[in-house]
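*Asks:* one predicted model, sequence on top.
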Amino acid sequence: YLRSDRFLKQRDEYATGSTQVALTDEGAEKIDLVIPPQEQQKRIADKLDVLLTKVKDAQSRLDKIPLILKRFRQSVLAAAFSGELTKEWRKKNNVDREWQEVSLGEVLDDLKYGTAKKCYKEKKKRPVLRIPNVVQGYVDLDDLKYADLDKKEYESLKLEIGDILLIRSNGSVSLIGRTSLVTEKEQGMAYAGYLIRLRVKKDLIIPEFLQYQFQSYAMRLQIELPARSTSGVNNINSVEVRNLQITLPSIDEQKEVVRRMKNLFAFLEKNEQECSKARSYADKLEQSILAKAFRGELISQDE
């Protein structure tokens, strides 16, 4: 009963104190208790033991799913950028071109740091994308800020479809090297100084192909190991970015990799969403069962 919302809501209602909230003896005496006959108490407790154990088991199983999906995501990425994902496609299409390992700099047309101008929430002049806008794989425009950029600086920072934004400096090493692909929605916006814009040679590499490759474990190792700092701020500079090693098949195979990755990632995202919903339902189920128990609805009164 002490775990039920019925009790907890009363506890919060009768608790007092400004700096340290506490339930006094006087407050505790005001709390209503549900006390059925003792034999019914035992049967309710026994039924709850069974049902809540099942709920905990379900929660435990659901807690394992995100890790399983994360491992599956990395195995897909590893297969994609080792050539295994499209091995059968190469046989079917008589493609005998070997995958190359090249430095990122070889396929870049341009690499440029963002503006150092201060950004504001007021919608004046130019929208500027910052670190919070760079989500893994896409740009989030919810927390957009603006800066007063002169024409020359704006023209040099103006984003194009297919540009990739990369986080170059942050206190969290896991954010270093995180990338987002610029789409039609972000076209024409500028970007801030802790970001680097990568503009690729599209006759050599498809932007989406590179975007996916940045999420792979092999790429994360290249980025995180040299980026770690004892000063609390982790960095990757333009030289280090250009020296990152990537795997590169033909343009046609890149297109096939991207097509398959989109389908597989859509499948993963759907399962992640369903897992999150199921976990939410499981969390509510315990309180639902307890509420039913203390309304006298869990067991038959005549048993």
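*Replies:* That came through, no problem. Numbering: from 1, shown residues only.
*Asks:* roughly how far apart are the residue most central in space within the chain and residue 4?
*Replies:* Centroid-nearest residue in the chain, with C-alpha atoms, centre = their mean: residue 136, separated by 6.7 Å. According to C-beta to C-beta, to the nearest Å, residue 136 and residue 4 sit 39 Å apart. The C-beta positions use only the backbone N, C-alpha and C, and glycine is treated the same way.
*Asks:* now residue 41
*Replies:* Applying C-beta to C-beta, the value for residue 41 to residue 4 is 14 Å.
*Asks:* and what of residue 218?
*Replies:* Per C-beta to C-beta, residue 218 is found 50 Å from residue 4.
*Asks:* likewise residue 61?
*Replies:* Separation of residue 61 from residue 4 (C-beta to C-beta): 24 Å.
*Asks:* nearest spatial neighbour of residue 183, skipping sequence neighbours?
*Replies:* In this structure, residue 183 finds its nearest non-sequential neighbour in residue 161, 6.3 Å apart by C-beta to C-beta, 6 or more residues apart in numbering.
*Asks:* ugh, typo on my part, it should be residue 35
*Replies:* Using C-beta to C-beta, 6+ apart and skipping residues adjacent in sequence, the residue nearest residue 35 is residue 41, 7.6 Å away.
*Asks:* go through stretch 86-96 and flag the buried ones.
*Replies:* Within stretch 86-96, the residues that count as buried by 16 or more other C-beta atoms under 10 Å are 86, 89-90.
*Asks:* re earlier: can you tell me the SS state at the residue nearest to residue 35?
*Replies:* helix (DSSP: H, G, I helix; E, B strand; the rest coil).
*Asks:* that one - how many residues pack around it?
*Replies:* Neighbourhood size, residue 41 [other C-beta atoms under 10 Å]: 13.
*Asks:* residue 71 now?
*Replies:* 10.
*Asks:* how much space between it and residue 22?
*Replies:* From residue 71 to residue 22 the distance is 45 Å (C-beta to C-beta).
*Asks:* give me the pLDDT for the residue lying closest to residue 201 once chain neighbours are set aside.
*Replies:* Excluding the flanking residues, the one nearest residue 201 by C-beta to C-beta, 6+ apart is residue 109, at 4.8 Å. What the model reports as pLDDT for residue 109 is 96.
*Asks:* contacts only, for residue 109.
*Replies:* By C-beta atoms under 8 Å, 6 or more residues apart in numbering, the contact set of residue 109 is 199-201.
*Asks:* could I have the buried ones of those residues as PyMOL selection syntax?
*Replies:* Applying 16+ other C-beta under 10 Å to the contacts of residue 109 leaves a buried subset, and the PyMOL line that selects it is:
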select buried, resi 199+200
